[in-house]
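> return atomic coordinates for the entry below.
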Amino acid sequence: MNTLRVMSENNEKSRSVPPIGSSYNEDTERDRPDGEALSLPSFVAGSGALDRLIDTARDYARAAASENTLRAYAKDWAHFARWCRMKGAEPLPPSPEMIGLYIADLASGSGPSPALSVSTIERRLSGLAWNYAQRGFALDRKNRHIATVLAGIKRKHARPPVQKEAILAEDILAMVATLPFDLRGLRDRAILLLGYAGGLRRSEIISLDVHKDDTPDSGGWIEILKEGALLTLNAKTGWREVEIGRGSKQQTCPVHALEQWLHFAKIDFGPVFVGTSRDGKRASETRLNDKHVARLIKRTVLNAGIRSDLPDKDRLALFSGHSLRAGLASSAEVDERYVQKQLGHASAEMTRRYQRRRDRFRVNLTKAAGL
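Numbers count the residues shown, from 1 in each chain. Purely as a prediction, here's the structure:
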């Protein structure tokens, strides 16, 4: 009964407590995307210059996370807001009691909705925390109504992480061999080889420009040198450089594949990887979507007959954009710290998660302890 009383009190507060800002309206504010909630304080008079600064600040707020992350956070908020309304509650201000009930519902599954995994529930909480912050509220995830319920969910439902299968060296060679040598084939060959050799995320591949500051949505640029290609990337962990050396032969060299694509597509400015005409003979100026990389990997995996012992549906589920990063980590026979640097990982432990066939018993502490 105490919990219900607190929830009721919080619901009443949600109708009467506006955040700082003169133009606040709860019905519209709760559904605004990230950055849209920015407004002038009530004690400041508006002007043309300040209005322009608000728009600039909103642009920077949207740039605080990747587009994929922002889309996911927006869906998280929409789902939670809809759930609250169905329960006769309000999403604002944050109620730890209500959020505890929400994640319990997610974990148990209700009606036609399947139960969500622990990782998805934690992602939903991150999305809620982000959205509350954009609306001037703080969500305390350590509050007992949230933390205790989440701990119980983890204890009861947690499972080992499901990892995508690594694309190994022999796999990537078979995959690129399925591609034609028209313009579209040259582009896709460069995407696969560059992504594999660089251990790149699919978003990092498609966000590349030819030069620095070619486009507003650039995520990095390339520099082709005699020894290889140097990529400067604005990645999840900040700016980093990725060195991609030339291969032992032109047919499988990622740098040669990149040069061939840029040359025949006549690309010397703007996005590196763009769409092509329907006949595959002309390059457009439109940057590819990162979903193209995922579709390309799945298509070439099927065409190359990789894991043909499984039905097509199961094979497609095994591979994704992360299969390229896992493939490099699993295939490169070099010191682990070089792989860690190439993948941009902050810790060696994260790199080891990507290594699907590392020597797990290279160091035998049992024998070292005298047993």
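> neighbours around the closest residue to D171 other than its chain neighbours, how many?
Nearest in space to D171, with sequence neighbours left out and distances taken as CB to CB, 6 or more residues apart in numbering, is I306 at 5.3 Å. C-beta coordinates here come from the backbone N, C-alpha and C atoms, glycine included. For I306, the number of neighbouring residues by other CB atoms under 10 Å comes to 22.
> how close does I306 get to H263?
For I306, the distance to H263 (CB to CB, to the nearest Å) stands at 30 Å.
> again with T56
39 Å.
> cool, and A190?
If you measure A190 against H263 using CB to CB, the figure is 11 Å.
> please apply the same query to A304.
From A304 across to H263, the span is 26 Å (CB to CB).
> these two: who's more crowded?
The neighbour comparison of A304 against H263 (other CB under 10 Å) goes to A304, with 20 against 11.
> hmm, that one is touching M175, no?
Yes - the pair A304 and M175 passes the contact test of CB atoms under 8 Å, sitting 4.8 Å apart.
> shared neighbours, the two?
Any residue near both A304 and M175 by CB atoms under 8 Å, 6 or more residues apart in numbering counts here, and not one turns up.
> the stretch 101-250 of the chain: strands as residue ranges?
208-209, 220-224, 228-235, 238-245 (DSSP state E, counting those that start in this stretch).
> swap that for the stretch 251-371 of the chain, please
For the stretch 251-371 of the chain, applying DSSP E, counting those that start in this stretch gives strands covering 274-276, 283-287.
> what sits up against the shortest one?
Yep, that's strand 274-276 we're talking about. With CB under 8 Å, 6+ apart as the criterion, strand 274-276 contacts L183, R184, R187, A265, I267, R282, A283, S284, E285, T286, R287, L288.
> can you rerun that using 10 Å?
Strand 274-276 has contacts (CB atoms under 10 Å, 6 or more residues apart in numbering) with 182-188, 206, 261, 265, 267, 282-289, 292.
> could I get the contacting residues of I146?
Contacts here follow CB under 10 Å, 6+ apart; on that basis I146 touches P94, P96, E97, M98, I99, G100, Y102, I103, L125, L128, L139, D140.
> in a markdown table: those residues, plus pLDDT.
Shown next, in a markdown table, are those (pLDDT from 0 to 100):
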| residue | pLDDT |
| --- | --- |
| P94 | 94 |
| P96 | 95 |
| E97 | 95 |
| M98 | 96 |
| I99 | 96 |
| G100 | 95 |
| Y102 | 95 |
| I103 | 95 |
| L125 | 96 |
| L128 | 96 |
| L139 | 94 |
| D140 | 93 |
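> report the buried members of these.
P94, P96, E97, M98, I99, G100, Y102, I103, L125, L128, L139 (16 or more other CB atoms under 10 Å).
> tell me the domain boundaries of this protein?
The chain breaks down by automatic domain parsing into domains covering 2-157, 169-354.
> distance to N364 for the ones you listed - can I get that in a markdown table?
Compiled in a markdown table, the domains of the chain are given as follows (distance: least, CB to CB, whole Å):
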| stretch | distance to N364 |
| --- | --- |
| domain 2-157 | 32 |
| domain 169-354 | 17 |
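> out of those domains, deepest packed?
domain 169-354 (a mean of 18; mean count of other CB atoms under 10 Å).
> tell me how far that one is from the chain's mean position?
Once both centres are worked out by CA atoms, centre = their mean, to the nearest Å, domain 169-354 turns out to sit 16 Å from its chain's centre.
> so what does the longest helix seen in the chain touch, helix or strand wise?
Determined from DSSP state H, the single longest helix within the chain is helix 67-86. Packed against helix 67-86, as judged by 3 or more CB pairs under 10 Å, 6 or more residues apart in numbering; DSSP states H and E, are the following elements: helix 96-108, helix 118-134, helix 202-206.
> could you give the angle of that helix to helix 96-108?
Here helix 67-86 points in a direction 110 degrees away from that of helix 96-108 (axes from the mean of the first three to the mean of the last three CA atoms, to 10 degrees).
> distance to R85 added to the buried ones among the contacts of I146, as JSON lines?
Listed next are those as JSON lines, based on distance: CB to CB, whole Å:
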{"residue": "P94", "distance to R85": "16"}
{"residue": "P96", "distance to R85": "19"}
{"residue": "E97", "distance to R85": "17"}
{"residue": "M98", "distance to R85": "12"}
{"residue": "I99", "distance to R85": "15"}
{"residue": "G100", "distance to R85": "18"}
{"residue": "Y102", "distance to R85": "12"}
{"residue": "I103", "distance to R85": "17"}
{"residue": "L125", "distance to R85": "19"}
{"residue": "L128", "distance to R85": "15"}
{"residue": "L139", "distance to R85": "19"}
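> ok, those vs F319, which is closest?
Ranked by distance to F319 (CB to CB), these are led by L125 at 28.7 Å.
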